[in-house]
Each structure stands twice: as C-alpha cells, then as structure tokens.
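Asks: sequence and predicted structure are below.
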Amino acid sequence: MEEQEKKKDAKVDPNAPPKILTKEDKKELQGVFVINAEKAEFRQVTTGITGTTDIEVLDGLKDGDKIVTGSYRVLRTLKNHAKVKVDNKAPKKEDEKS
C-alpha cells in the first residue's frame, strides 16, 4: 500500500529525457481483433491446442464475434480502434489473378 501512495505522490520532471522502451517494456499480448462498430477492437484471448493453421481459443471471445483476418504483416501493424472495412469475398487464387 505504501508503494502505491509513493507512486501517486511522485512528481514527473518535465525536463527529464523520455524513457526509451526496451524489450522488457514491450509485453507481447495474445489476442485477436474483433469488429465492433466498424472498428478493430483488440481482445486478449486464452488459447489451447495450436496446429499448423488453426488455434483453439478457450476464453476471450463470445458467440457471434467477427474476427479480423489478414496477412501477418497487416495484423501486426493494425492499431486498436482503427476503422476497418468488412470484405467477405474469398481471396482470388494465384491462377485467377490478372
């Protein structure tokens, strides 16, 4: 309890240099983005069995949640509350692209 009070009473020095984030500061969260009011909302999930292409989600989602899917690069750069467009068309196969 004392430590919480110290943190609350601590003053921030406006002239102090900004803190540089380290790998320890960047905590990896396990989760998915769901669509809520046309925006991507991050939800933390608990996973179970993991296969080559499938992951079992044990907790964190509700029936009917729409999950954002896409390439690894896109999903890793997606920001919480970013506006998204729903496109349920199946992706074209390589031989169908022109």
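Replies: Ah, there it is.
Asks: quick one, what contacts Lys83?
Replies: Applying Cβ atoms under 8 Å, 6 or more residues apart in numbering, we find Lys83 in contact with 38-40. Yep, even glycine has a C-beta here, placed from its N, CA and C like the rest.
Asks: give the contact list for the closest residue to Leu29 other than its chain neighbours.
Replies: Residue nearest to Leu29 in three dimensions, not counting chain neighbours: Gln44, with 5.7 Å by Cβ to Cβ, 6 or more residues apart in numbering. By Cβ under 8 Å, 6+ apart, Gln44 lies in contact with 29-31, 60.
Asks: just Thr52 next, same as before
Replies: So Thr52 contacts nothing (Cβ under 8 Å, 6+ apart).
Asks: and it, its phi and psi?
Replies: phi -70, psi -40 (degrees, to the nearest 10).
Asks: how close does it get to Ala90?
Replies: 20 Å (Cβ to Cβ, to the nearest Å).
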